[in-house]
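> Sequence below, structure please.
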Amino acid sequence: MGHFQHHVFFCTNQRAAGESCCNALGASELRSYAKERIKALSDTLPGPTRINTAGCLDRCDLGPVMVIYPEAVWYTYVDKEDIDEIIDQHLVHGRVVERLKV
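Numbering: from 1, shown residues only. As a prediction, this is how the structure comes out:
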């Protein structure tokens with residue numbers, strides 16, 4: 001196993017005003033929220049988890065988006081409740097959240 005059990009990449013790309021992008025839909029704030037949640041849950045996770053910022057992941061029409069490796073599962077999300085569900089189901093229990101998968 002590598003150093004991390006999971007790497008979570010949040011697209012936080014910011015485009016010109018009026019253009020569709022993840023950051024305009026709250027990606028940076030929700031990435032920060034996820035990072036704090038992971039820190040608080042570190043004892044209950046199956047292994048070390050890293051929350052990363054990514055530039056454009058080229059899925060703006062689905063945004064905001066994140067991808068979790070090593071499984072390469074892509075998610076879209078809207079709010080903290082979606083982030084909580086992804087963390088609790090995917091990262092803690094190893095179950096893909098089908099309703100948020102893209």
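
> Ignoring the adjacent residues along the chain, who's closest to residue 26?
In this structure, residue 26 finds its nearest non-sequential neighbour in residue 64, 6.6 Å apart by CB to CB, 6 or more residues apart in numbering. Every C-beta, even on glycine, is put in place using the N, C-alpha and C of the backbone.

> Would you enumerate the residues in contact with residue 94?
Taking CB atoms under 8 Å, 6 or more residues apart in numbering, we find residue 94 in contact with residue 46.

> Helices of the protein, residue ranges please.
Taking DSSP state H, the helices of the chain run over residues 27-40, 80-85.

> Could you point out which residue ranges in the chain have low pLDDT?
1-2 (pLDDT under 70).

> what ranges do the strands span in it?
Secondary structure of the chain (DSSP state E): strands located at 6-11, 49-54, 65-69, 73-76.

> and the shortest one, what does it pack onto?
With contacts defined as 3 or more CB pairs under 8 Å, 6 or more residues apart in numbering; DSSP states H and E, the secondary structure elements packing on strand 73-76 are strand 65-69.

> Equivalent analysis for the first one, please.
Contact analysis of strand 6-11 by 3+ CB pairs under 8 Å, 6+ apart lists helix 27-40, strand 49-54, strand 65-69 as its packing neighbours.

> Can you tell me which of the ones you listed is packed in deepest?
Stretch with highest mean neighbour count among the helices and strands packed on strand 6-11: strand 65-69 (a mean of 21; mean count of other CB atoms under 10 Å).

> That one vs helix 27-40, what angle?
Calculated by axes from the mean of the first three to the mean of the last three CA atoms, to 10 degrees, strand 65-69 forms an angle of 40 degrees with helix 27-40.

> Tell me the spacing between the residue positioned nearest the centre of the chain and residue 54.
In the chain, the centroid-proximal residue (CA atoms, centre = their mean) is residue 66; its distance is 4.0 Å. As for residue 66, its distance to residue 54 is 8 Å (criterion: CB to CB, to the nearest Å).
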